[in-house]
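Enquirer: quick one, what's the 3D model for this:
(2 chains)
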Amino acid sequence: MTLIVDAVITGILTGGIYALMASGLTLIFGVMDIINVGQGALVILGAYLSYYLQQKFHIDLFAGLLITMPVMFLLGLFLEWAFIRPIKRDRPTLSILVTFAIALIIEGILGFAFTNNIVQLKAWYITASFKVGEFYLAYIYVFGFALSVILLSGLYLLLYRTKFGYSLQASMQDRTAAQLIGIDVEQVSMITFGIGVALAAAGGMAYGATSAFNPGSLYDLISRLLVIIILGGMGSLRGALIASLGMLVIEDVTSVIWSPVWATTVFFILLIVVMIVRPQGLFGRAEGRKQ
Amino acid sequence: MIMTKRIGLAIIILASIIFPRVFPNPAVMTVAIFTLLYATATVAWNIFAGYTGYIALGHAAFFGIGSYALAIMCVNWHILGGNIPFVLVPVAGLIAAIFSVPLGWISLRVRKHTFVVITIAIFFIMQPMAFNLRSITQGSIGISLPIPHWSNVSFHLPFYYYALAMLILAQIVSWWIRNSKYGLGLLAIRDDEDRALGLGVNTGPSKLIVFVISAFFVGMVGALHAYFQGSIYPAFAFDPLFDIAIALMGFLGGLGTLSGPILGALILEPTQRYFTMQFSANGYYLIIYGALFLAIILLLPEGIVPTLDKYWMKWNAVRNGIQS
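Expert: Residues are numbered from 1 along each chain as shown, chains lettered A, B, ... in the order given. Purely as a prediction, here's the structure:
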């Protein structure tokens, strides 16, 4: 029983980290109708940036975010400007291929720069743990969860309390109408992409601190993130949050009561069940003709 | 016009039949066989993705199912190398097609963007299955297939002709669908699904049927690929790069065209083999491949065949204008 409670708690805490990565993905989809398949690669890139800063300059992981997040934000702006904006025709489909290509390039560069050996981030809060009830929990899970709460609250304030947030919501609801009332949708898209990539940097640090990774980890990561945003409903932030927490709890509980080998498979089987019952996801809008 | 086209087609088929006699070099033959296999897979992928406009990025799942089906049949029934595995290749394709029915049914419940994501997710379900279902797939150890008994000199020939026959068959199916009423329905789905439904196209079953046809051929390609390679492992049978490769070939040649997929495979597969040989260090290879991909989509988003068609029409119009 305590094992299950333990699994639920770790599930919620890691779920928070996944929520961070998935919110960037779902935000980009909501505004631009683009599925950034490169998000997994960008998360791993974020993890490697934190790793590099720590190895080379001994910068604390959380302090390093002050460097990696702005850098990744700029990278996001660049990627949108250079590769997404030039696509004129059939953007949603072609952008999937373009972001996949970006992911391949990032994987190649990372493999070249850091080799394909598995690495793990190091810090005192990763090794040290404290006692909750009858089991021990590493500090990083709590810190990572706190980081995700802070960043997601910041995102919430940005979306619902600022002028930029209003224009972003308007672009999400109707791109053309937003353009007509004088919102620079191109600029909003670019900044949204930047924010999504910056969130990937933060998520990458938390991911790298809680599990070992190598450049190839991006495939595992992107498949999970895609499942999360489909389950939550494409473009719904609330859906992404709930789906990440739910999925990670289910995965951790499965690995305790059944076997870790099948934990991921249960994750995907759930996806199929939800797709049969509710194809638009938990909080998604039904697809069809846009009037 | 039709006459020149027919003659051209006859010359191409004849040339591909004579090809092994002219270049018997095993290295060249290996590249040729891979090119034929990828061309078949791309034609099959295009039958679904090109005609319906639903970009599927999970066809590697059917490739993997096909290879495992053939390998498992050969091992369980103690089949020796020779002609029998060739007979079993269509059976493996059929097994892939059977798997594709529920997978297609689930993923085709949603529209375009979400569909792409679900096909990717389905692929990522299948790959760990190959690792984890050890009693069936032997996990990461992989399975060895029987080795054909024929001599070294003509080792490649049966594979070459089998792959060529598969490509021709897939192309005939593609041509037939493109020119049938059924194919017109698929094209209508691509252009405007709601309107197609309103006009009486049975969209659900139409999409599923063409998905299954496509999976059947990709499964056969997977099976023949496995037999040619001699052994399979989960990571190579279920390879995300395969998804990307056939999509890239389809896009380069021209999505939804008849000759585009073959042209794309003819250009890209030998190039890819060359890069792999030249820059076998993993990182370089991925970077070059990704960059090539970006360049094609950003510079030639319509593909080679539609772009050439446009120029041809323009040139024709100008010439006719001058004559009249």
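Enquirer: show me what counts as buried in stretch B:38-56.
Expert: Of the residues in stretch B:38-56, those buried by neighbour count under the rule 16 or more other Cβ atoms under 10 Å in any protein chain shown are B:38-56. Glycine gets a C-beta too; all of them are placed from N, C-alpha and C.
Enquirer: isn't residue A:97 up against residue B:247?
Expert: Yes: using Cβ atoms under 8 Å, residue A:97 and residue B:247 qualify as a contacting pair, with a distance of 6.3 Å.
Enquirer: anything in contact with each of those two?
Expert: Residues touching both residue A:97 and residue B:247 (Cβ atoms under 8 Å, 6 or more residues apart in numbering or on different chains): residue B:55.
Enquirer: what about those two, which has more around it?
Expert: Using other Cβ atoms under 10 Å in any protein chain shown as the criterion, residue A:97 and residue B:247 rank with residue B:247 on top: 26 against 23.
Enquirer: distance of the more buried one from chain A?
Expert: When distance is defined by Cβ to the nearest Cβ, to the nearest Å, residue B:247 is 6 Å away from chain A.
Enquirer: give the helix, strand or coil label for that residue.
Expert: When classified by DSSP: H, G, I helix; E, B strand; the rest coil, residue B:247 comes out as helix.
Enquirer: contacting residues for it?
Expert: A:97, B:45, B:49, B:55, B:57.
Enquirer: spell out which parts of the stretch 201-324 of chain B neighbour chain A.
Expert: Residues of the stretch 201-324 of chain B lying close to chain A (Cβ under 8 Å from any Cβ of the partner chain) are B:240, B:244, B:247-248, B:251, B:281-291, B:293-294, B:297-298, B:301-302.
Enquirer: hmm, the helix-or-strand element of chain B with minimal mean pLDDT in reach of chain A?
Expert: Sorted by mean pLDDT, DSSP states H and E, the helices and strands of chain B end with helix B:134-137, the least confident at a mean of 76. No: shown here: helix B:134-137 not in contact with chain A (Cβ under 8 Å from any Cβ), separated by at least 9.5 Å.
Enquirer: downstream of that helix, the next helix or strand is which one?
Expert: Scanning the chain past helix B:134-137 towards its C-terminal end, the next helix or strand to appear is strand B:143-144 (assignment: DSSP states H and E).
Enquirer: what sits up against the helix or strand just after that next one?
Expert: Tracing the chain past strand B:143-144, the next element assigned as helix or strand by DSSP H and E is helix B:156-178. Outside helix B:156-178, the residues that touch it by Cβ under 8 Å, 6+ apart are B:13, B:16-17, B:19-20, B:26, B:29-30, B:32-33, B:36-37, B:39-40, B:43-44, B:46-47, B:51, B:83, B:86, B:89, B:148, B:150, B:183, B:186, B:210, B:213, B:217, B:220-221, B:224, B:227-228, B:258, B:262.
Enquirer: tell me the buried residues in the helix or strand that helix B:156-178 is followed by?
Expert: Toward the C-terminal end, the helix or strand that comes next after helix B:156-178 (DSSP H and E) is helix B:181-191. Neighbour-count burial for helix B:181-191 flags B:182, B:183, B:185, B:186, B:187, B:188, B:189, B:190 (criterion: 16+ other Cβ under 10 Å).
Enquirer: confidence score at the closest residue to the first one other than its chain neighbours?
Expert: This means residue B:182. Nearest in space to residue B:182, with sequence neighbours left out and distances taken as Cβ to Cβ, 6 or more residues apart in numbering or on different chains, is residue B:206 at 6.9 Å. Predicted confidence (pLDDT) for residue B:206: 91.
Enquirer: residue B:206 and residue B:183 touch, don't they?
Expert: No: shown here, residue B:206 and residue B:183 do not form a contact pair, counting by Cβ under 8 Å, at 9.6 Å.
Enquirer: how much space between the closest residue to residue A:211 other than its chain neighbours and residue A:213?
Expert: Of all residues not flanking residue A:211 in the chain, residue A:120 sits nearest, at 7.7 Å (Cβ to Cβ, 6+ apart). In this view, residue A:120 and residue A:213 are 7 Å apart by Cβ to Cβ, to the nearest Å.
Enquirer: same drill for the two, tell me which one is more crowded.
Expert: Shown here are residue A:120 and residue A:213; by other Cβ under 10 Å, residue A:213 has more neighbours (23 against 13).
Enquirer: who does that one bridge with?
Expert: Bridge pairing for residue A:213 (DSSP bridges) gives the partners residue A:119.
Enquirer: so what's the residue count around residue B:21?
Expert: A count of nearby residues for residue B:21, using other Cβ under 10 Å, gives 8.
Enquirer: check which helix or strand covers the closest residue to residue A:265 other than its chain neighbours.
Expert: Taking Cβ to Cβ, 6+ apart as the measure, residue A:265 lies nearest to residue B:128, with 6.3 Å between them; neighbours along the chain are not counted. Secondary-structure element containing residue B:128, defined by DSSP H and E: helix B:112-132.
Enquirer: contacts only, for the residue in the stretch 101-250 of chain B that chain A sits nearest to.
Expert: When distances are taken as Cβ to the nearest Cβ, the stretch 101-250 of chain B approaches chain A most closely through residue B:124, which lies 3.6 Å from it. Contact criterion Cβ under 8 Å, 6+ apart gives A:219, A:220, A:223, A:268 as the residues in contact with residue B:124.
Enquirer: between those residues, which has the most around it?
Expert: For the contacts of residue B:124, neighbours were counted using other Cβ under 10 Å, and residue A:223 has the most, 25 neighbours in all.
Enquirer: return the residues in contact with that residue.
Expert: Residue A:223 is in contact with A:40, B:120, B:121, B:124, counting by Cβ under 8 Å, 6+ apart.
Enquirer: same list (these) but as TSV, adding pLDDT.
Expert: Listed next are the contacts of residue A:223 as TSV, based on pLDDT from 0 to 100:
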residue	pLDDT
A:40	91
B:120	82
B:121	79
B:124	78
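Enquirer: export the residues you listed to CSV and tack on distance to residue A:235?
Expert: Formatted as CSV, the entries for those read as follows, by distance: Cβ to Cβ, whole Å:
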residue, distance to residue A:235
A:40, 19
B:120, 17
B:121, 17
B:124, 22
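Enquirer: farthest pair in the residues you listed?
Expert: By the measure Cβ to Cβ, A:40 and B:121 form the most distant pair in the contacts of residue A:223, at 12.6 Å.
Enquirer: low-confidence regions, the stretch 1-150 of chain B specifically.
Expert: In the prediction, the stretch 1-150 of chain B carries residues with pLDDT under 70 at positions B:1.
Enquirer: close to chain A: what parts of it are there?
Expert: Applying the criterion Cβ under 8 Å from any Cβ, the portion of the stretch 1-150 of chain B that neighbours chain A consists of B:55, B:57, B:106-107, B:109-114, B:116-118, B:120-121, B:124-125, B:128-129, B:132.
Enquirer: can you do 10 Å?
Expert: Within the stretch 1-150 of chain B, the positions near chain A by Cβ under 10 Å from any Cβ of the partner chain are B:49, B:53-55, B:57, B:102-103, B:105-118, B:120-129, B:131-134.
Enquirer: I'd like the distance between residue A:120 and residue A:256.
Expert: Taking Cβ to Cβ as the measure, residue A:120 and residue A:256 are separated by 23 Å.
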